[in-house]
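In: got a predicted model here, sequence first, then my questions.
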Amino acid sequence: MQTLYSKTEEKDIAKYVLFSGDPWRVETVAKQLENVQHIAFAREFNTYTGYYKGVRITVTSTGIGAPSAAIAMEEMYQCGMEVAVRMGTTMGLKDDLLGKLIIPTGAMREEATSKTYVPVSFPAVADIDLINCMNKSTLENGRQYVNGITCTMDGFYSQMRDSRLSSKMNRDMSETFTALKKYNISAVDMESSCMLVLANLMGIKGCIVTMTTVLENLKDYLKGDARTTSEQDLCKIALDGLAIYDREVAGK
């Protein structure tokens, strides 16, 4: 049966699924797949399935934020997903993280969507085998990574980035970052904790692979070719990581 929003069916979806926030980054991944098939582009969900190094992989998009990421997870799970990897960008809270991969072991649940599934005491943690495979892929692709804890929030212009309205309301974004740094949080995004919670509830493997493209409140960011190259590397690292997982973990 076709899913409600992403318009996908079980026969079209691989057990390995990459999730990108940006629907257009999905096109970058699709170009690296062989025998690729465009499944559907409905609302913010752009979906392809193909083969990478002999492994059947689906790549789809979530749009921005936990509510739509939860829909994407639910509908890929309905189609038989067994391994979920979020591949996206993140806002680093330490100056030396710009251009590095963050592959968190867990995430603070400061978004509201996952709380509609389970109490806040339920942890948002990644699968250790997937983390190790993504770490290995990062090094093999000549990049650096950090693990650690990140935080997922809902309000980009109310918690993470100054805006005309936030100025009018005298909202101080530095309070967000000061509080998170006390907890040694590495980065902030808008989807990860919800997706990790759902992966654990579903009983499937899940992890997060993010590129630090901006620093807190956009005080610095990757520009021009550096940004383009970093996003291309992110896609390849996630694909290679799944190929490593299929060969060295699932294949045992």
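Out: Looks like it arrived, so ask away.

In: count of neighbours near Met1?
Out: As a burial measure, Met1 scores 7 neighbours (other C-beta atoms under 10 Å). Using the backbone N, CA and C atoms, a C-beta is placed for each residue, glycine as well.

In: let me see the ranges of the helices in this protein.
Out: Along the chain, the stretches classed as helices by DSSP state H are 25-30, 66-78, 128-140, 164-168, 174-182, 192-202, 224-245.

In: now those as TSV including distance to Tyr52, mean neighbour count and mean pLDDT?
Out: Listed next are the helices of the chain as TSV, based on distance: least, C-beta to C-beta, whole Å; neighbours: other C-beta atoms under 10 Å; pLDDT from 0 to 100:
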stretch	distance to Tyr52	mean neighbour count	mean pLDDT
helix 25-30	9	20	94
helix 66-78	17	23	98
helix 128-140	12	19	98
helix 164-168	41	10	94
helix 174-182	35	14	92
helix 192-202	21	25	98
helix 224-245	5	19	95
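
In: quick check: which of the ones you listed is nearest to Thr116?
Out: In terms of C-beta to C-beta, the element of the helices of the chain nearest to Thr116 is helix 66-78, at 8.5 Å.

In: just give me how far stretch 140-158 sits from the chain centre.
Out: Relative to its chain's centre, stretch 140-158 lies at 9 Å (C-alpha atoms, centre = their mean, to the nearest Å).

In: show the end-to-end separation of that stretch, please.
Out: 38 Å (C-alpha to C-alpha, to the nearest Å).

In: closest one to Leu4 among the helices of the chain?
Out: Nearest to Leu4 among those is helix 66-78 (7.1 Å), distances taken as C-beta to C-beta.

In: and the angle for the closest one with helix 192-202?
Out: 30 degrees (axes from the mean of the first three to the mean of the last three C-alpha atoms, to 10 degrees).

In: which other residues reach helix 66-78?
Out: 3-6, 8, 10, 13, 17, 19, 21, 44-45, 58, 60-63, 81, 84, 86, 111-114, 152, 154, 190-191, 193-195, 198-199, 202, 204 (C-beta atoms under 8 Å, 6 or more residues apart in numbering).

In: if we can go back for a sec, for the helices of the chain, give me JSON lines that also has distance to Gly54.
Out: Shown next, in JSON lines, are the helices of the chain (distance: least, C-beta to C-beta, whole Å):
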{"stretch": "helix 25-30", "distance to Gly54": "16"}
{"stretch": "helix 66-78", "distance to Gly54": "21"}
{"stretch": "helix 128-140", "distance to Gly54": "16"}
{"stretch": "helix 164-168", "distance to Gly54": "49"}
{"stretch": "helix 174-182", "distance to Gly54": "41"}
{"stretch": "helix 192-202", "distance to Gly54": "24"}
{"stretch": "helix 224-245", "distance to Gly54": "8"}
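
In: nearest to Leu215, of those helices?
Out: Going by C-beta to C-beta, the one of these nearest Leu215 is helix 174-182, 9.7 Å.

In: just the CA trace of that closest one, in PDB.
Out: This file holds the C-alpha atoms of helix 174-182, laid out as PDB (Å, rounded to 0.1, in the frame of the first residue of the first chain):
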ATOM      1  CA  SER A 174      23.400  33.600  23.200                       C
ATOM      2  CA  GLU A 175      21.400  32.300  26.200                       C
ATOM      3  CA  THR A 176      20.700  29.100  24.200                       C
ATOM      4  CA  PHE A 177      24.300  28.500  23.400                       C
ATOM      5  CA  THR A 178      25.600  29.400  26.800                       C
ATOM      6  CA  ALA A 179      23.300  26.900  28.400                       C
ATOM      7  CA  LEU A 180      24.200  24.100  26.000                       C
ATOM      8  CA  LYS A 181      27.900  24.700  26.300                       C
ATOM      9  CA  LYS A 182      27.600  24.000  30.000                       C
END
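
In: which residues does that helix contact?
Out: 93, 108, 151, 153, 159-160, 188, 216-217.
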